[in-house]
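> Here's a sequence, model it:
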Amino acid sequence: MTQSLTPRLAQHILQRVGEAGQPPEWGLSFLNVGNQHYLDILASEYLDRLLDGNRGSAFKLVQGYYGGGKTHFLHCLRDLAWMRGFLCSLVQLSPQECPYEDPLKVYRAVVSQLASPPLDGEAPSRGLGDILRDFADGLAQRMSLEERTAWLKRTSRKVQVDSVTFRRAVLAFLQACWENDAAGEALLESWLRADPVPRQELKTYGVYEIIDHNSAFASLRSLCQTLTGFGYPGLVLMFDEVDRNLSLSTKRIAALGDNLRQVIDLCGSAQLPGVLFLYAVPPEFLRLVVPEYPALDQRLRSPLPLSRISPQSTLIDLEKLQLEPEELLNAIGQKLLKIFQMAENWTATEAIQQGNLQALARACAQYSFEVGHRRTFVKSWVAFLHQQKQNGESWMSQEMAENLLTHGVTNNDQSHDFLDV
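As a prediction, this is how the structure comes out:
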């Protein structure tokens, strides 16, 4: 899965970060700086140990302000996990569409976002149905019909799961794939997604229950148990609080806290084999939500954040990176300059753009007090480079840098209002 920076990939990165300040879907390693120490610990202490046959699991709380790199960090970890053959699911949580305190919505989101490692530059298979189809195709290529029948009887049915019904539905889905039973395949895939399905039709496949609010978390556990039992090295489940109203009712805090507590406890047992579970939140979560649920507070509090001297710590604090703010912005800008030149087939004057980058990074670090200053910097720098390519290169003064960050213009070109930040 080693990538090289091509014009097409550079254009994808540039479009994503330039338009929304969001991490790109592919090629994030060409842009990443500052958090490598956390990624190295997760890779060596958790992912690699799971690859070595350790069937344990772990929970990590990722803390960072909005615009402070939480989603970026999760994308980086997903790339590392994919490189090792893990299945990954990155779920965006929000109070309306997918609140974590709603088990059924969480289950549906996990199975829809579950993705296998991309191969040969192709997009990954996404969704539980496609992943199981790939698995069925792989078995069909390696085994005869008789061998597959024996595998179903002797191996797959011995996988220990919380929900036997879930395992039965997965095996029936595989059988439907091999028999070209399109109707059965569609029906069972809908059941696995927790969509409404006619119960009478399910009985043909030995499935008599449905996935609902009461059985959703048991089904999620069974999903992990089934896939690791089938030979996948593990799963990385990532939940990103992208839009949470922290003024939650006591009832919702209790439901959220109880669900998280259950996951943390399960990660300490053998019921989630081969799973690395991450939950990304703003710092207010630890201050305002967690103290309202003492059982959760006790499990999440750590004397030290994750580091080489405390690799088992629960907390990953993205406000504590390897670089100071100005150094971090400079490093990001250096990588973006290279990406921009590749994407736009443009050669910059190194001395000029290095000077401009230092001016913009200094201004952003000194004068921007918004928590999303990194996102503002990225969008501003990309927009400025477009201006430099279009209008010719020039030096940026400190005043120009401040104007660019606050108004989206440099005062030597007020007619080009190219940025709204």
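> Figure out how far the helix or strand harbouring H75 is from the centre of its chain.
Secondary-structure assignment from DSSP states H and E places H75 in helix 70-83. Using CA atoms, centre = their mean, to the nearest Å, the distance from the centre of helix 70-83 to the centre of the chain it belongs to is 6 Å.
> ditto for stretch 207-216
Relative to where its chain is centred, stretch 207-216 has its mean C-alpha point 27 Å off (CA atoms, centre = their mean).
> List the buried residues in it.
Residues 207, 209-211, 215-216 are the ones in stretch 207-216 that count as buried (16 or more other CB atoms under 10 Å). Yep, even glycine has a C-beta here, placed from its N, CA and C like the rest.
> ok, and what's touching the helix holding H75?
1, 22-25, 28-29, 32, 35, 38-39, 42-43, 47, 62, 64, 88, 90, 117-118, 124, 234, 236, 238, 240, 242, 276, 278, 280-281, 316, 318 (CB atoms under 8 Å, 6 or more residues apart in numbering).
> which element follows that helix toward the C-terminus?
Heading C-terminal from helix 70-83, the first helix or strand you meet, by DSSP H and E, is strand 87-93.
> Check which helices and strands that following strand sits against.
Counting contacts by 3 or more CB pairs under 8 Å, 6 or more residues apart in numbering; DSSP states H and E, strand 87-93 packs against helix 70-83, helix 103-113, strand 235-241.
> quick one: average confidence on the first one?
Averaged over helix 70-83, pLDDT sits at 92.
> Tell me the buried residues in it?
So, applying 16+ other CB under 10 Å, buried residues of helix 70-83: 70-82.
> tell me the domain ranges of the chain?
Under automatic domain parsing, the residue ranges defining each domain of the chain are 1-32+323-421, 33-128+214-317.
> would TSV of those with distance to S144 be doable?
What follows is the domains of the chain, written out as TSV (distance: least, CB to CB, whole Å):
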stretch	distance to S144
domain 1-32+323-421	31
domain 33-128+214-317	18
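> Lowest average confidence across the ones you listed, which one?
Looking at those, the lowest mean pLDDT belongs to domain 1-32+323-421 (a mean of 83).
> what about that domain, distance to the chain center?
Centre-to-centre, domain 1-32+323-421 and its host chain are 24 Å apart (CA atoms, centre = their mean).
> With stretch 163-183 instead?
28 Å.
> Can you list the buried residues in it?
Under 16+ other CB under 10 Å, the buried positions of stretch 163-183 are 163, 165-178, 181.
> And for stretch 16-34?
Within stretch 16-34, the residues scored as buried using 16+ other CB under 10 Å are 16-18, 21, 23-24, 26-34.
> Which of those residues fall within helices?
Taking DSSP state H as the definition of helices, those contribute 16-18.
> what's the closest of those residues to L139?
Using CB to CB, the shortest approach to L139 within those belongs to R16, at 36.4 Å.
> Next up, the contacts around the closest residue in space to the closest one that isn't next to it in sequence.
Using CB to CB, 6 or more residues apart in numbering and skipping the chain neighbours, the partner closest in space to R16 is P24 (4.0 Å). Residues near P24 by CB under 8 Å, 6+ apart: 12-13, 16-17, 31, 75.
> now these in a markdown table, with distance to M143?
Written out in a markdown table, the entries for the contacts of P24 read as follows (distance: CB to CB, whole Å):
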| residue | distance to M143 |
| --- | --- |
| H12 | 38 |
| I13 | 41 |
| R16 | 41 |
| V17 | 45 |
| L31 | 42 |
| H75 | 35 |
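> quick check, S313 in a strand?
No: assessed with DSSP: H, G, I helix; E, B strand; the rest coil, S313 is coil; it does not lie in a strand.
> Quote the end-to-end distance of stretch 56-67.
Taking CA to CA, to the nearest Å, the span from the opening residue of stretch 56-67 to its closing residue is 32 Å.
> What are the buried residues along that stretch?
Neighbour count says stretch 56-67 has 56-65, 67 buried, by 16+ other CB under 10 Å.
> taking those one by one, which sit in strands?
57-63 (DSSP state E).
> Look up how far L288 lies from the residue nearest to R16.
With distances taken as CB to CB, to the nearest Å, P24 is found 32 Å from L288.
> List just the one of the domains of the chain that sits closest to L152.
Ranking those by proximity to L152 (CB to CB) places domain 33-128+214-317 first, at 11.5 Å.
> gap between that closest one and the chain center?
Averaging C-alpha coordinates over domain 33-128+214-317 and over its chain gives two centres that are 9 Å apart (CA atoms, centre = their mean).
> which one is G274 nearest to, not counting chain neighbours?
Using CB to CB, 6+ apart and skipping the chain neighbours, the partner closest in space to G274 is G234 (3.4 Å).
> The one you found reaches L272, doesn't it?
No: judged on CB atoms under 8 Å, G234 makes no contact with L272 at a distance of 9.8 Å.
> ok so, going back, any idea of the angle the helix holding H75 forms with strand 87-93?
Angle of helix 70-83 versus strand 87-93, following axes from the mean of the first three to the mean of the last three CA atoms, to 10 degrees, is 170 degrees.
> Tell me how many other residues crowd A295.
A295 has 12 neighbours, counted by other CB atoms under 10 Å.
> can you tell me which residues contact it?
Residues counted as contacts of A295 (CB under 8 Å, 6+ apart) are 257, 261.
> Assign a three-state SS to it, would you?
helix.
> Buried residues, stretch 353-367. List them.
Of the residues in stretch 353-367, those with enough neighbours to count as buried (16+ other CB under 10 Å) are 353, 356-365.
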